[in-house]
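Novice: what follows is a protein structure lacking sequence information:
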Ligand SMILES: NC(=O)c1ccc[n+]([C@@H]2O[C@H](COP(=O)([O-])OP(=O)(O)OC[C@H]3O[C@@H](n4cnc5c(N)ncnc54)[C@H](OP(=O)(O)O)[C@@H]3O)[C@@H](O)[C@H]2O)c1
């Protein structure tokens, strides 16, 4: 199971917003084949492992009934972008399946396991369950809370400012922090910003990394209808969902039925504070520089200890060259 979990992890930037899944097929404790869900929309892990085993039939083993399938997540029992994995397993003739965790997605949840059992397959569930949940943190969060995991990422000067009052765009943090932001973006299913940030900074907000990534979708909250026509960078690279509704709770609950399991919010103080005050942020990442913006800067927060007073706890902090990266999480277990 640990091998299947680490195989799954290899594809964390390309399988999203799907969960990462790994599978192995064994005979007498020897690995016959292995598979993973490599890219969103492509074969599930179990299918890749079964296809690998088919190639070994008559060489490494004589009957599928002698094989054990290990998979990190419950096999699906529905036809989505690919056929049901339960059918492929049943048709293969495999008689024993060991599963790390039940799939929390209501269209699967327990139905895949039941289907295998109904077809005379010996099923064990729960091996390394915590690790499977941890490696698919956003996916499990989404199905438990019926909304995506929301992280706000902000860059702050040493004196707590977001940007200059005159609206002139300025880099607050060092080059190394900005590269770190690219890797953070690569983990999320979507990036969300507000109208003013797109107007003032004209950001691309894609993940510019040197590895393969299923690029995050983009979400713009703006009701002024003036942005797309001006050819802003934000509209390059990926699909953009423009939302004119201003009630943030309504917006976030409307994401329940969309594919996003995680959203990174990269906006200015107005939108970030609106999310915080609506108790919608699960994680806050602050890149803090050593420079001051002084009286020419706009405050991120109006009061001292604003983050702590909203129930956030510092989880980790470390230096990135001249800056410090702080990660805060909500005190409550969601
Ligand atoms: N330091 C950093 O990490 C960082 C990051 C991003 C941006 N910035 C800076 O922040 C500045 C812009 O900040 P800002 O605070 O003025 O704007 P903002 O937070 O980026 O965006 C506010 C805009 O979001 C839209 N919006 C939709 N629903 C909203 C709601 N419920 N509450 C609040 N806004 C909502 C509105 O757009 P419409 O007006 O279009 O309807 C509103 O004007 C830029 O100059 C940029 O340089 C800094």
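Specialist: The structure has been received and is ready for your questions. These numbers come from a predicted model, not from an experiment. Numbers count the residues shown, from 1 in each chain.
Novice: where does the stretch 51-200 of the chain dip in pLDDT?
Specialist: In the predicted model, the stretch 51-200 of the chain carries pLDDT under 70 at residues 80-82.
Novice: what about 90?
Specialist: Within the stretch 51-200 of the chain, the ranges that satisfy pLDDT under 90 run 77-84, 106-109, 166-171.
Novice: list the contacts of the closest residue to the ligand within it.
Specialist: Across the stretch 51-200 of the chain, no residue is closer to the ligand than residue 195, which sits at 1.9 Å (CB to the nearest ligand atom). Glycine gets a C-beta too; all of them are placed from N, C-alpha and C. Each residue near residue 195 by CB atoms under 8 Å, 6 or more residues apart in numbering is listed here: 220-224, 227.
Novice: rerun at 10 Å
Specialist: Residue 195 makes contacts with 220-227, 242, 267-268, 270-271, as judged by CB atoms under 10 Å, 6 or more residues apart in numbering.
Novice: and for residue 9, the neighbour number?
Specialist: Neighbour count for residue 9, taken as other CB atoms under 10 Å: 15.
Novice: now do it, the pLDDT please.
Specialist: Predicted confidence (pLDDT) at residue 9: the value is 97.
Novice: residues in contact with it?
Specialist: Contacts for residue 9 were tallied using CB under 10 Å, 6+ apart; they are 15, 20, 22, 36, 72, 131, 135.
Novice: now, those residues that are in helices?
Specialist: Cross-referencing those with the helices (criterion: DSSP state H) gives 131, 135 as the overlap.
Novice: I'd like the contacts of residue 9 as TSV, with distance to residue 119 and neighbour count appended.
Specialist: Rendered in TSV, the data for the contacts of residue 9 read as follows (distance: CB to CB, whole Å; neighbours: other CB atoms under 10 Å):
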residue	distance to residue 119	neighbour count
15	27	25
20	26	25
22	23	30
36	24	25
72	21	32
131	28	17
135	28	22
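Novice: quick check: the two most widely separated of the contacts of residue 9?
Specialist: Using CB to CB, the contacts of residue 9 span at most 16.4 Å, a distance reached by 15 and 131.
Novice: so the residue lying closest to residue 61 once chain neighbours are set aside bridges to which residues?
Specialist: In space, and not counting its chain neighbours, residue 61 is closest to residue 27: 4.7 Å by CB to CB, 6 or more residues apart in numbering. According to DSSP bridges, the partner residues bridging residue 27 are residue 30.
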